[in-house]
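mind folding the following:
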Amino acid sequence: MTKKKVVVAGATGLVGNAALRHFGRADSCEIIALSRRKPRNLYGARHVEVDLTDPAQCTLSAASLQGTTHVVYAALYEAPNLVDGWRDSDQIRTNDLMLRNLMTALEPVSPKLRHVALLQGTKAYGVHVRPLTVPAREGRSEMYEQPNFYWAQENFLRELQQAKTWHWSILRPVLIVGEAMGGAMDLIPPLGVYAAMLREQGRALDYPGGAARVSQAVDVDLLARAIAWSGETVAARNEAFNVTNGDVFTWENVWPAIADALEMKPGKPQPLSMAQEYPKWIAPWEELRRKHDLVSPSLEEFVGLSFQYADYSMRYGQTQVGPPSIVSTVKINQAGFTEMMDTEAMFRKWFAHARASRLLP
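Down below sits the predicted model:
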């Protein structure tokens, strides 16, 4: 079998970094990390600096991409106004262009290419514009009428793959939890910073979100294993799969576990917009970095757009119980990927890791 050469696009992001970590454990695997910034930890990968929106840069990177067997496409462009950007034509066009630029450079120099893994999510089912059909199922619940960069990328990949020996798989995770810095949709930094601000005041961990909604999450390491599985499994060829931890949760129900993981007491419901409030935390965060000798950077560099994502995910400002956001994982289970994780244990894992890594106090 051809020695595996894995290209991870978007290597500094939540999913991309988890893919580096997963494939870095395989001795026989060569890994190329593609991103504009060098990841904090490469896990044995070789970093190639590239802006995927620039076709000339992608062409220049072709020598490094030569001989690729597997692509993990986890690159993502998000607009500064995160939630509104999900329906923005420029955001759709940019994400479409990024995948096209990479594959145009990579495919001609990779005759032994075997697999391309593409990331989507529950916006494929229109979760950002309507209640989901519960449970949302692959192949019948998609909202193709809603403009979305998912469809642009998927259509491009389907057309490119025609009559080729390589295959693609689409992974549709739900709320992803893990560790990244400066990401657009990573909840550990904003929640950890929020908790640190309260703890410095001797306060309990008040719940800042809105009315409940039953939803799902996925541990990013579990997702990375699902991505790797899809690249080696016949049943995953040219198929889309939902990926979750296997259970459901509401924020209120996991809040005591999050508080405990941060060595705090759970507080009372106290609605608060992190996106609006965080400018007040910039100076106190600098003091905390010095006080606790943290390796995490300045607040905006550490959290990125994720304060906005925290507001959205926790339904800040919503006073009515929300429609459930639940997808079916029957398809991926029947295809052979059956891993599960307790969502409460997942939150404990990542907050403990962030504190042990000196990203959070």
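
got the buried residues for the longest helix along the chain?
Among the segments of the chain that qualify as a helix by DSSP state H, the longest is helix 89-106. Of the residues in helix 89-106, those buried by neighbour count under the rule 16 or more other Cβ atoms under 10 Å are 91-92, 94-103, 105-106. Where C-beta positions appear, they are placed from N, C-alpha and C, glycine not excepted.

cool, and stretch 215-226?
Along stretch 215-226, these residues count as buried under the neighbour rule (16+ other Cβ under 10 Å): 215-226.

hmm, back to that, redo the buried residues of helix 89-106 as a markdown table? Include pLDDT and distance to Gln153.
Formatted as a markdown table, the buried residues of helix 89-106 follow (pLDDT from 0 to 100; distance: Cβ to Cβ, whole Å):
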| residue | pLDDT | distance to Gln153 |
| --- | --- | --- |
| Gln91 | 89 | 12 |
| Ile92 | 92 | 9 |
| Thr94 | 94 | 11 |
| Asn95 | 93 | 7 |
| Asp96 | 94 | 6 |
| Leu97 | 96 | 10 |
| Met98 | 96 | 9 |
| Leu99 | 98 | 5 |
| Arg100 | 97 | 8 |
| Asn101 | 97 | 12 |
| Leu102 | 98 | 11 |
| Met103 | 98 | 10 |
| Ala105 | 97 | 16 |
| Leu106 | 98 | 15 |
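
could those go into TSV alongside distance to Val243?
Compiled in TSV, the buried residues of helix 89-106 are given as follows (distance: Cβ to Cβ, whole Å):
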residue	distance to Val243
Gln91	23
Ile92	23
Thr94	25
Asn95	20
Asp96	23
Leu97	26
Met98	22
Leu99	20
Arg100	25
Asn101	26
Leu102	22
Met103	23
Ala105	28
Leu106	24
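
residues near Gly317, how many?
Residues lying near Gly317 (other Cβ atoms under 10 Å) number 12.

repeat that for Leu198.
Counted with other Cβ under 10 Å, the neighbours of Leu198 add up to 18.

start to end distance for stretch 74-89?
Across its full length, stretch 74-89 reaches 20 Å end to end, with Cα to Cα, to the nearest Å as the criterion.

now the strands for the stretch 201-350 of the chain?
Along the stretch 201-350 of the chain, counting by DSSP state E, counting those that start in this stretch, strands occupy 205-207, 217-219, 239-243, 266-269.

out of these, flag the one nearest Pro135.
Taking Cβ to Cβ as the criterion, strand 239-243 is the member of those that comes nearest to Pro135, at 8.4 Å.

partner strands of that closest one and their direction?
Strands adjacent to strand 239-243 in the sheet, as given by DSSP bridges, are strand 167-173 (parallel).

run the chain-centre distance for the partner strand.
Using Cα atoms, centre = their mean, to the nearest Å, the mean C-alpha position of strand 167-173 is found 14 Å from that of the whole chain.

not counting it itself, show me its contacts.
Residues lying outside strand 167-173 but in contact with it, judged by Cβ atoms under 8 Å, 6 or more residues apart in numbering, are 15, 114-122, 124, 138, 154, 157-158, 161, 218, 223, 226-227, 230-231, 236-244, 327.

can you give me the domain boundaries for the chain?
Dividing the chain into domains by automatic domain parsing, as the record does, gives the ranges 5-176+218-243, 183-216+248-327+342-356.

would you format these as CSV with distance to Ala335 included?
Putting the domains of the chain into CSV (distance: least, Cβ to Cβ, whole Å) gives the following:
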stretch, distance to Ala335
domain 5-176+218-243, 4
domain 183-216+248-327+342-356, 15
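
which residues does Glu200 contact?
284, 288.

and if you look at Leu102?
Under the criterion of Cβ under 8 Å, 6+ apart, the neighbours of Leu102 are 9, 34, 52, 58, 71, 73, 75.

buried only: go through the contacts of strand 167-173 for me.
In the contacts of strand 167-173, the ones that pass as buried (16+ other Cβ under 10 Å) are 15, 114-122, 124, 138, 154, 157, 161, 218, 223, 226-227, 230-231, 236, 239-244, 327.

what's the local residue count around Gly16?
27.

would it count as being in a strand?
No. Counting by DSSP: H, G, I helix; E, B strand; the rest coil, one finds Gly16 to be helix, located in no strand.
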